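Trainee: Prediction below, plus the sequence it came from.
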Amino acid sequence: MALIDWKPEYEVGVPAVDAEHRAMIEMINDVYRELEGTPDPDTIEHALGEIHSGIAAHFALEEQMMRRVGWREYEEHKANHEELLDDMRDLMDVHAANPEQGREELQRRLADWFTVHFASFDARLHAAFPDSHHH
């Protein structure tokens, strides 16, 4: 079962960003599927590392776009990115120290990071690029 299904409202309307969001959801769903079985802690650790670096790269792209258009919520959005990445690192530490507890935490929080971030910040970003569909 997929943890997060792609929804049309997740679309920002900027093809590069949408493609990365889809890829991230795919990665999260893969980890979630692993977690449902009896995963090898190293496999999960590796997957988390991939997600973390993928997300960090993606956030850098979003931040670059926001700076380019002089996005007024830039600082707030960037702070949200930092918080999300810190949160992920904390979870990676929990998992490394105690895979069983880490697994439960992960299952609970993986979806939250994304749905909360997409629903709030990226939706507002979307509104800032109204004609991006036509380029």
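Mentor: Arrived safely, thanks for sending.
Trainee: For residue 60, give me the pLDDT.
Mentor: Note for residue 60: predicted pLDDT of 90.
Trainee: Just the element for the residue most central in space within the chain, please.
Mentor: Geometric centre of the chain, nearest residue: residue 114, 4.9 Å, by Cα atoms, centre = their mean. According to DSSP states H and E, residue 114 maps onto helix 99-117.
Trainee: roughly how far is that helix from the heart of the chain?
Mentor: 11 Å (Cα atoms, centre = their mean, to the nearest Å).
Trainee: how about the helices of this protein, start to end?
Mentor: Using DSSP state H, the helices of the chain run over 15-36, 41-68, 74-97, 99-117, 123-128.
Trainee: The closest residue to residue 22 other than its chain neighbours: neighbouring residues, count only.
Mentor: Leaving aside its sequence neighbours, residue 22 sits nearest to residue 6 (Cβ to Cβ, 6 or more residues apart in numbering; 6.0 Å). Placement of C-beta: from N, CA and C, glycine included. Neighbourhood size, residue 6 [other Cβ atoms under 10 Å]: 14.
Trainee: close enough to count as contact, residue 6 and residue 24?
Mentor: No - assessed by Cβ atoms under 8 Å, residue 6 is found out of contact with residue 24, at 10.5 Å.
Trainee: List the residues that are in contact with both of the two.
Mentor: Overlap of the contact sets of residue 6 and residue 24 (by Cβ atoms under 8 Å, 6 or more residues apart in numbering) is empty.
Trainee: quick one: contacts for residue 17?
Mentor: Here residue 17 is in contact with 58, 61, 62, 65, 122 (Cβ under 8 Å, 6+ apart).
Trainee: next one: residue 99
Mentor: Contacts of residue 99 (Cβ under 8 Å, 6+ apart): 41, 44.
Trainee: Skipping its backbone neighbours, what lies nearest residue 87 in space?
Mentor: residue 113 is the one closest to residue 87 (Cβ to Cβ, 6+ apart), at 6.8 Å.
Trainee: oh, I was asking about residue 73
Mentor: Residue 73's closest residue in space is residue 124 (Cβ to Cβ, 6+ apart), at 6.4 Å.
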